[in-house]
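*Asks:* Predicted model, plus sequence, below.
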Amino acid sequence: MPGRAGTTTDTDVLVVGAGPAGLTTALQAHAHGATVRVVDRREHRARPSRAMMLHARALEGLRPLGVTDELLNRADTTPEARIHLGRRVIEARMGHADLPDTAFPHLTLVRQADVEDVLWQALQARGVPVDWGVEFRGLGRERSLAEGLASGTGMVHAQLRGAGGNDAQDHSGHHSSRFLAGCDGQSSTVRSFTGAQWRGGPYRVEAVLADVELDGRLDPGLLHVAVGRAGLAFLFALGEGATWRMLATRPALPQPTASYGQPGPPVPPEEVARLLRESGLGAAVRDVRWSAQVPLQHRLASTFGSNPLFLAGDAAHAHSPAGGQGMNNGILDGLNLGWKLGFASTAGRPLPELLETYGQERRRAARQVLALAHVIFFGEASPHPVARLARSLLPAFAPVLPLLLRRQWLTSRGIRLLAQPFVRYRTSAISRDGTPRTDGWPRPGERLPDAAVTVNGRAARLHELTAVPGIHLLLERDAGPGALDEVPGLQPVAGRGALLHVHRLDSHPGRGVVAVRPDGYVGFRCGEADPAQLGAWLRLVGALPPS
């Protein structure tokens, strides 16, 4: 297709990797104006799930892309758990938390395979190609890589190879794009072209996954958790090849060529049976339908890329499975990167400041999430004497745990913590306060919470208003009727009109305006709906043409 700057491109964005991060990046970029292609070296879509949980923030971000209803249809949103502490079994209800500022006040148990399938189907419906069995092999450029990265201009020429070693794009083996998003996992090939260092190291324990049929008296359809001195063992009623999916940890075995984060070789059935037997769950393995050992590591890329190459998901950060953060963090990467690539593809001019904010925002967030997962994993599975001692003492507190778990505020705080309320972008270059400032809204760079509002006499929720792609401008009640008419260039760039939405809130007195980014964060706020200041911010993010 003809490029927007007079060059020739196959698509605006090439996404390498069709996991949750890559599929989300593709959907978000396409929804915000970019043409997109996704390639993945896997020859088949189906693969065993590694992740089993979505949190509220990821669901909120996916809602404007029109996929949350189907995700929830496939999920358990009222999960109940049985915590096994020796002979004591404690009930824990994890649905319907007291979280009034979100439409998803619950833990959501859903297979990664279902998440990928829903996102893939959404891309299919939008005509976005996802090509399987196509491997990214490297880069060629019209100019030197160093010059291109420094200027942020020119094309990215990806070298691709199809299944069996055949070239994979019009028999040329190349795909030209303005931007490339590397979402190709912990062993990312794209990462090697960004110059990023892969900082961190392996864990001393590894995960064992297995789909099993059991004999015993376990309550069906629930999450079972066993706490033992050696670590935790989980049984999810979400098996893909059997009724139960088991997740347990054990000391890491020597792995000279470990593929971190990916299911490795199968585990002998007797070893699966031993792990379950020693967990104290009171069940025996009748049949092992599938199993894999998964080496684990904690790592963070020193850079998330530079225009035009970017990293997202496991290519940028590697987590333990603790707290179910990995898939969620990758989705949040894709929601952040995708809209910026979309706007940069259609703005008709370079937007280096906007694109730089992706790495600024998401690398700091990943560092915080990695620290949270590291702490949780230490308590769950570390062989450190302190962690082992703490786990061995838990049964002594079994009599008081039911009292604590019945306190909804405690469960709610736990669910909120897993949804990453600490992730903020206050210091981002696109988080701006206008003059005069207003304190009636979250600070720029903070998530917009859900709340009841009135619009044109109709009761609504804020997240209902923002549940379509684009930037949402929230006008307070007393802002002048033509407050936005004087914004220079508010008649937006071609094709962008559907991505600017204005809502006047009758329930919010004042004369101000708030601009909400496509990923649900406040980008700009001002106590007066000043056309010049608002227009400057909209131009900064590429939503308006230059003045």
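*Replies:* Sure, I can see it. Numbers count the residues shown, from 1 in each chain.

*Asks:* which element follows the helix or strand of the chain with the lowest mean pLDDT toward the C-terminus?
*Replies:* In the chain, the helix or strand scored least confidently by mean pLDDT, DSSP states H and E is helix 145-151, which has a mean of 45. The helix or strand immediately downstream of helix 145-151 is strand 156-162, counting by DSSP states H and E.

*Asks:* so what secondary structure elements neighbour that next one?
*Replies:* Strand 156-162 is packed against strand 11-16, strand 134-140, strand 174-182, with contacts defined by 3 or more Cβ pairs under 8 Å, 6 or more residues apart in numbering; DSSP states H and E. Bear in mind the C-beta positions are built from the backbone N, C-alpha and C, glycine included.

*Asks:* Okay, buried residues for the last one please.
*Replies:* Spelled out, it's strand 174-182. 175-182 (16 or more other Cβ atoms under 10 Å).

*Asks:* Tell me which two in those are the farthest apart.
*Replies:* With Cβ to Cβ as the measure, no two of the buried residues of strand 174-182 lie farther apart than 176 and 182, at 16.5 Å.

*Asks:* rewinding a little: looking at the buried residues of strand 174-182, which is nearest residue 462?
*Replies:* Minimum distance to residue 462 across the buried residues of strand 174-182 is 29.2 Å, recorded for residue 181 (Cβ to Cβ).

*Asks:* The closest one and residue 220: what is the separation?
*Replies:* Here the criterion is Cβ to Cβ, to the nearest Å. By it, residue 181 lies 41 Å from residue 220.

*Asks:* Over to residue 79?
*Replies:* Residue 79 is 13 Å from residue 220, by Cβ to Cβ.

*Asks:* Tell me which of these two has more neighbours.
*Replies:* Counted by other Cβ atoms under 10 Å, residue 79 and residue 220 do not tie: residue 79 has more neighbours, with 20 against 8.

*Asks:* Name the residues of stretch 530-540 that are buried.
*Replies:* For stretch 530-540, by 16+ other Cβ under 10 Å, it's 530-531, 533-540.

*Asks:* same question, stretch 131-141
*Replies:* 133-136, 139.

*Asks:* Need the CA coordinates for that stretch. CSV is fine.
*Replies:* Output of stretch 131-141 as CSV, limited to C-alpha atoms (Å, rounded to 0.1, in the frame of the first residue of the first chain):
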residue,chain,number,x,y,z
ASP,A,131,-0.1,-15.3,9.8
TRP,A,132,1.0,-18.5,11.5
GLY,A,133,4.2,-20.4,10.7
VAL,A,134,5.9,-17.1,9.8
GLU,A,135,9.2,-16.4,11.6
PHE,A,136,10.9,-13.0,12.0
ARG,A,137,14.5,-13.5,11.1
GLY,A,138,16.0,-10.0,11.2
LEU,A,139,16.0,-6.5,9.8
GLY,A,140,17.2,-4.7,6.7
ARG,A,141,16.8,-1.0,6.3
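
*Asks:* Which secondary structure state does residue 435 sit in?
*Replies:* coil (DSSP: H, G, I helix; E, B strand; the rest coil).

*Asks:* Any idea how many residues pack against it?
*Replies:* Per other Cβ under 10 Å, the neighbour tally for residue 435 reads 9.
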